[in-house]
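S.K.: sequence-free structure coming up:
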């Protein structure tokens, strides 16, 4: 009786975990879809922001 209860409990927990992982992967996939449709402007903006951050960090370090 105890083995049957433990087996059912494990199966219920496993199914709930699997559904949670499936929902997470589905939401990540739907969130990543707009990035594939961009025209490349993000590839220009990211290095620009990185360069600005490096410049700001180096100017702050020079003041110390």
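M.R.: Arrived safely, thanks for sending. This is a predicted model, so every value here is computed, not measured. Numbering: from 1, shown residues only.
S.K.: Show the average pLDDT along the one helix or strand residue 58 maps to.
M.R.: Residue 58 is part of helix 41-63, with elements assigned from DSSP states H and E. Helix 41-63 carries an average pLDDT of 84.
S.K.: can you offset everything so residue one is 6?
M.R.: Sure, I'll start counting at 6 from here, so that last one is helix 46-68.
S.K.: tell me how far that helix is from the chain's mean position?
M.R.: 23 Å (C-alpha atoms, centre = their mean, to the nearest Å).
S.K.: Might you report the residue contacts of the residue nearest to the spatial centre of the chain?
M.R.: Against the mean C-alpha coordinate of the chain, by C-alpha atoms, centre = their mean, the closest residue is residue 33 at 6.7 Å. For residue 33, the contact set (C-beta atoms under 8 Å, 6 or more residues apart in numbering) is empty. From N, CA and C alone the C-beta is placed, and that goes for glycine too.
S.K.: Ramachandran coordinates for it?
M.R.: phi -70, psi -40 (degrees, to the nearest 10).
S.K.: quick one: it and residue 60, what's the gap?
M.R.: From residue 33 across to residue 60, the span is 33 Å (C-beta to C-beta, to the nearest Å).
S.K.: Residue 6 and residue 16, how far apart?
M.R.: Remark: distance between residue 6 and residue 16 (C-beta to C-beta) = 16 Å.
S.K.: Neighbour count: the two, which is higher?
M.R.: A direct count of neighbours by other C-beta atoms under 10 Å for residue 6 and residue 16 places residue 16 higher, at 10 against 5.
S.K.: distance of the more buried one from residue 60?
M.R.: Using C-beta to C-beta, one gets 57 Å for the distance from residue 16 to residue 60.
S.K.: ditto for residue 20
M.R.: Applying C-beta to C-beta, the value for residue 20 to residue 60 is 52 Å.
S.K.: Kindly report the same for residue 67.
M.R.: For residue 67 relative to residue 60 (C-beta to C-beta), the value is 11 Å.
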